[in-house]
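# Take this sequence and fold it.
(chains A and B)
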Amino acid sequence: GESVGLHLPTLSVQEGDNSIINCAYSNSASDYFIWYKQESGKGPQFIIDIRSNMDKRQGQRVTVLLNKTVKHLSLQIAATQPGDSAVYFCAENSGGYNKLIFGAGTRLAVHP
Amino acid sequence: KAGVTQTPRYLIKTRGQQVTLSCSPISGHRSVSWYQQTPGQGLQFLFEYFSETQRNKGNFPGRFSGRQFSNSRSEMNVSTLELGDSALYLCASSKGYPGLSSYEQYFGPGTRLTVT
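Numbers count the residues shown, from 1 in each chain, chains lettered A, B, ... in the order given. As a prediction, this is how the structure comes out:
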């Protein structure tokens, strides 16, 4: 498979546990945030998004939390499964139309 | 509904050559954005098109250019290729609305460009 990043921070969890992936964003004026999952050899897959007028949004097994005071975003995955193993990116919409600024990514490794 | 498609999936070029990559967005999506992904720099925004107009541009040299057609399909071109242009080039489509800056973007599988 293709490497999506060298020396990415790695979060290792046991199957069935909850995972929390954190992200610090850079621009306090950013109004929209997205989490993506990227598996080896594939493009990023949309997971969940949140606008700056919200602080929490839930999806299926995933929750995104936004703390604008400290410019922090987190992705919580409930009951993590082996299929969740991938690199996770946060992205902020900063500086105009659909211009996403991506974080460096976090590799999630799920162990049976 | 078909996803975002990109062609070709893999490409090998020589320094100094030029290359054109193609992206077909999800049906009904009018906005197409392009990104470059490398192990060292991560995912970086190149440009975004909506209704055949470039609305936003990242910090890349003028060798990188793009266009969008009336059917929303988009192409990007890189001229005078350098070794450092080797990367995965991703396009993303979204519904896009006039005056609305952000909406869900869905990515294609990418084109892996290798410059030798």
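# remind me which residues of chain A are low pLDDT?
By pLDDT under 70, the weakly predicted segments of chain A are A:1-6, A:95-96.
# hey, where'd the strands end up in chain A?
Under the criterion DSSP state E, chain A contains strands at A:10-14, A:19-24, A:32-38, A:45-51, A:56-58, A:62-67, A:72-77, A:86-93, A:100-102, A:106-111.
# now those strands in TSV, with mean neighbour count?
C-beta here means a position set from N, CA and C on the backbone, and glycine is covered the same way. TSV is the format used below for the strands of chain A (neighbours: other Cβ atoms under 10 Å in any protein chain shown):
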stretch	mean neighbour count
strand A:10-14	13
strand A:19-24	16
strand A:32-38	23
strand A:45-51	17
strand A:56-58	13
strand A:62-67	18
strand A:72-77	19
strand A:86-93	24
strand A:100-102	22
strand A:106-111	17
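# got those strands as JSON lines, with distance to residue B:88 columns?
Formatted as JSON lines, the strands of chain A follow (distance: least, Cβ to Cβ, whole Å):
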{"stretch": "strand A:10-14", "distance to residue B:88": "21"}
{"stretch": "strand A:19-24", "distance to residue B:88": "21"}
{"stretch": "strand A:32-38", "distance to residue B:88": "10"}
{"stretch": "strand A:45-51", "distance to residue B:88": "14"}
{"stretch": "strand A:56-58", "distance to residue B:88": "29"}
{"stretch": "strand A:62-67", "distance to residue B:88": "25"}
{"stretch": "strand A:72-77", "distance to residue B:88": "22"}
{"stretch": "strand A:86-93", "distance to residue B:88": "13"}
{"stretch": "strand A:100-102", "distance to residue B:88": "13"}
{"stretch": "strand A:106-111", "distance to residue B:88": "17"}
